[in-house]
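Participant: sequence unavailable; structure follows:
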């Protein structure tokens with residue numbers, strides 16, 4: 001399925017077969033494509049690049065398609081990596097984290113640091129963290145494949 005080019009987000013680099021590789025939803029997903037392109041929020045004289053997940057309902061392109069600035073996509077990737085690393089060792093804690101030290105990491109970015117922490121404001125955190133951990137474990141093969149691919153590409157790029 002071809003990603004539309006007549007909408008506000010202007011695709012430049014696309015994956016139009018994303019519906020076939022969308023994790024456990026592959027072959028049965030409304031996320032039909034990914035694109036990197038010119039952001040829909042661009043004003044005259046100001047150009048930002050964004051990543052977009054294109055959703056298709058079967059009849060039309062959905063308003064629930066998501067568009068994110070590239071740095072936010074990378075920030076989400078950093079958050080995922082730190083979470084995966086935490087949960088590899090989380091079995092050491094009774095509640096899968098240390099309630100006295102819920103901060104997992106502080107990652108320096110642009111003069112400050114992104115805090116990665118367990119959300120202790122969630123009143124059902126002890127239940128939810130177990131469900132999260134189990135889901136992460138269930139998807140380990142799929143997530144690990146993508147992390148290995150990302151690692152390989154980053155190494156090829158010199159990072």
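Facilitator: Yep, that arrived. Source: prediction; values computed, not measured.

Participant: hey, which helix is longest across this protein?
Facilitator: Secondary structure of the chain read by DSSP state H shows that its longest helix is helix 70-89.

Participant: what pLDDT does residue 69 get?
Facilitator: pLDDT, residue 69: 89.

Participant: against residue 75, how distant is it?
Facilitator: 9 Å (Cβ to Cβ, to the nearest Å). All C-beta atoms are positioned from the backbone trio N, CA, C, and that covers glycine.

Participant: mind listing what the residue positioned nearest the centre of the chain touches?
Facilitator: For the chain, the residue sitting closest to the mean C-alpha position, by Cα atoms, centre = their mean, is residue 76 at 4.9 Å. Counting by Cβ atoms under 8 Å, 6 or more residues apart in numbering, residue 76 touches residue 68.

Participant: pLDDT on stretch 116-124, on average?
Facilitator: Averaging pLDDT along stretch 116-124 gives 95.

Participant: tell me the spacing between the residue nearest to the centre of the chain and residue 89.
Facilitator: Taken as Cβ to Cβ, the span from residue 76 to residue 89 is 21 Å.

Participant: do residue 114 as well
Facilitator: Distance from residue 114 to residue 89, by Cβ to Cβ: 20 Å.
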